[in-house]
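In: I would like the atomic coordinates for the input below:
(chains A and B)
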Amino acid sequence: MSGQPPRRGWTDEQVDLFIGNLLRYGVLIAAAVTLVGGVPYLLMYWHVLPTYHTFHGVPAGLNSLRGVLDGVRELDSRAVIQLGVLLLIATPIARVGLSLFAFAKQRDWTYVVVTTVVLGILLWSFSGGRAL
Amino acid sequence: MWGIAGECPHSFSVLLSSVTRGTLFRVHIMHIASLTALLAVGAFAAGLLGSLTGLGGGIVIVPLLTLGFGVDIRYAIGASLISVIATSSGAAAAYVREGYTNIRVGMLLEIGTTIGALVGAYIAGIIPTSAIAIIFGFVLLLSVYRSIRPLAEHITTGPGDPWAARLRLNSSYPTEHGMQAYSVQSVPTGIALMGVAGVLSGLLGIGSGVVKVLAMDQAMRLPFKVSTTTSNFMIGVTAAASAGLYLHRGYIDPGLALPVMLGVLAGALVGARTLARAQTKVLRNIFTGVVAILAVEMLYKGMTGGL
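Out: Predicted coordinates for the structure are as follows:
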């Protein structure tokens, strides 16, 4: 990408730098939130015998964005871990969103379309993938 | 079978043989405290070895959880996807700055990988888990083969695919002798192969880096460094496409995500800062050996219905 002549707006190098920082801080923030939820989770549940050998799915409330946010408001430690997980999943999605913005600034309409398709698929899945 | 605080294995082979004999630690007789600690150590080792050898640690998370701890493969896939997003995003942050990553190629191919990932996540919900284990075994074998017979560096210049010029995919990357231009071949084949990579990623909860690099290197004839960094750049987006569906399906459990995500991240960070160049070959051989044993075990468990 760095061989392309810079067009109007951002240069490719600036976009690369910005994307690199977004990924780095996204992962760091997600890990920090997970850790913040993890400490009280272990203090509260360390003696419990988990039942991961049979699948029954995570409890309702931990499997959707709204449920997780409600849980965080109630200071449920597992919901805070799950918020970290959601932030982690959101990081590459935000990266694609940033690329869309950058391609639009560069007036690279072909890649605006390409990136919009990818972003649409990601957002559809993130919001629960209704109608599948 | 030895306990956690009981006699320790004298060598790595003892550890491996206990893995092949059956489940190392049974999840239903362990407290969350010991399970979390052991999973964090295992995930740390996977992240460290994956980053030092460049083979990616994500591929061993599902076998670690299912074969090692007896965790249901659906929870294992969910936790693995999270570890894949974490390591891919962390590593991509560094690679993007170095100028190897071809973001246009990555973005175009992500159409293939994300659609494939949704199809894979859909298939995972309707086929038996034993079939997932068998497919997983074959992908592990492919990784072993790729590790034994690494791809050679090559640069393709001259006219590429007409689509490559139209989509401005041809680019250049930094080498010891300055910027080296390269052209891109077989764009439609590349996108189709990325669909396959996406299906495997969504179905198995892995990054599918092996298939992505193969497609970019062998079909699209990109330079090796560009293939590997662009593949890594795409892995996080591919995994995010199916992770959303899996979260809503209840596959992603916070109790497993906690040690796996933080363990793999810590391992990958330490690995990236350790310049253990002298031991890389030894580590690569060890890691390849581990993956080979896990491949056989996954195939066996899948065929005998043990998972």
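
In: least confident secondary structure element in chain A?
Out: helix A:12-45 (a mean of 88; mean pLDDT, DSSP states H and E).

In: helices of the chain, residue ranges please.
Out: Looking at chain A here, since you left the chain open. Secondary structure of chain A by DSSP state H: the helices cover A:12-45, A:65-73, A:77-105, A:109-126.

In: actually, chain B is the one I wanted.
Out: For chain B, helices defined by DSSP H occupy the ranges B:12-21, B:32-53, B:61-63, B:69, B:73-98, B:103-124, B:129-148, B:162-166, B:187-204, B:209-214, B:224-248, B:254-273, B:280-304.

In: these two touch, right, B:Gly54 and B:Thr229?
Out: No: assessed by Cβ atoms under 8 Å, B:Gly54 is found out of contact with B:Thr229, at 10.7 Å. Using the backbone N, CA and C atoms, a C-beta is placed for each residue, glycine as well.

In: quick one: the residue lying closest to B:Gly57 once chain neighbours are set aside from chain A, how far?
Out: In space, and not counting its chain neighbours, B:Gly57 is closest to B:Gly50: 2.6 Å by Cβ to Cβ, 6 or more residues apart in numbering or on different chains. Using Cβ to the nearest Cβ, to the nearest Å, B:Gly50 is found at 15 Å from chain A.

In: B:Pro188 too?
Out: 14 Å.

In: between B:Gly54 and B:Thr229, who's got more neighbours?
Out: Ranked by neighbour count (other Cβ atoms under 10 Å in any protein chain shown), B:Gly54 and B:Thr229 place B:Thr229 first, with 24 against 16.

In: enumerate every residue touching the more buried one.
Out: B:92, B:95, B:98, B:100-101 (Cβ atoms under 8 Å, 6 or more residues apart in numbering or on different chains).

In: next, format those residues as a markdown table and append pLDDT.
Out: Below are the contacts of B:Thr229 laid out as a markdown table (pLDDT from 0 to 100):
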| residue | pLDDT |
| --- | --- |
| B:Ala92 | 70 |
| B:Tyr95 | 69 |
| B:Glu98 | 72 |
| B:Tyr100 | 82 |
| B:Thr101 | 84 |
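
In: nearest to B:Gly207, of those residues?
Out: The shortest gap between B:Gly207 and any of the contacts of B:Thr229 belongs to B:Ala92, at 11.2 Å (Cβ to Cβ).

In: for the closest one, which non-adjacent residue is closest in space?
Out: The shortest distance from B:Ala92 to any non-neighbouring residue, by Cβ to Cβ, 6+ apart, is to B:Phe233 (4.7 Å).

In: wait, isn't that neighbour in contact with B:Met107?
Out: No: taking contacts as Cβ under 8 Å, B:Phe233 lies outside contact range of B:Met107: 9.2 Å.

In: just give the number of residues close to B:Ala181.
Out: Per other Cβ under 10 Å, the neighbour tally for B:Ala181 reads 11.

In: I'd guessed it sits against B:Gly160; true?
Out: No: assessed by Cβ under 8 Å, B:Ala181 is found out of contact with B:Gly160, at 10.6 Å.

In: shared neighbours, those two?
Out: Residues touching both B:Ala181 and B:Gly160 by Cβ under 8 Å, 6+ apart: B:Asn170.

In: where does pLDDT dip in chain B?
Out: Where chain B drops to pLDDT under 70, the residues are B:1-29, B:93-97, B:274-280.

In: tell me the residues of the stretch 101-250 of chain B that contact chain A?
Out: B:101-104, B:107-108, B:110-111, B:114-115, B:118, B:122, B:167-168, B:170-173, B:179, B:181, B:236-237, B:239-245, B:247-250 (Cβ under 8 Å from any Cβ of the partner chain).

In: any of those buried? List them.
Out: Buried members of these, scored by 16 or more other Cβ atoms under 10 Å in any protein chain shown, are B:101-104, B:107-108, B:110-111, B:114-115, B:118, B:122, B:167-168, B:170-173, B:236-237, B:239-245, B:247-250.

In: give me the low-pLDDT residue ranges for chain A?
Out: Ranges of chain A meeting pLDDT under 70: A:1-10, A:12, A:130-132.

In: tell me which residue is most central in it.
Out: A:Ala90 (1.3 Å; Cα atoms, centre = their mean).

In: tell me the phi and psi of residue 54?
Out: Just going to use chain A. Note on A:Thr54: its backbone torsions stand at phi -120, psi 140 [degrees, to the nearest 10].

In: oops, chain B please
Out: phi 70, psi 10.

In: for B:His154, same thing?
Out: Residue torsions, per degrees, to the nearest 10, at B:His154 are phi -150, psi 150.

In: against B:Lys225, how distant is it?
Out: Applying Cβ to Cβ, to the nearest Å, the value for B:His154 to B:Lys225 is 11 Å.

In: neighbour count: these two, which is higher?
Out: Counting neighbours by other Cβ under 10 Å for B:His154 and for B:Lys225 shows that B:Lys225 has the greater number, 18 against 11.

In: isn't the more buried one up against B:Ser172?
Out: No: here B:Lys225 does not reach B:Ser172: they are 11.9 Å apart, not a contact under Cβ under 8 Å.

In: so B:Met179 bridges to which residues?
Out: B:Pro174 (DSSP bridges).

In: in chain A, what residue lies closest to chain B?
Out: A:Gly57 (2.8 Å; Cβ to the nearest Cβ).
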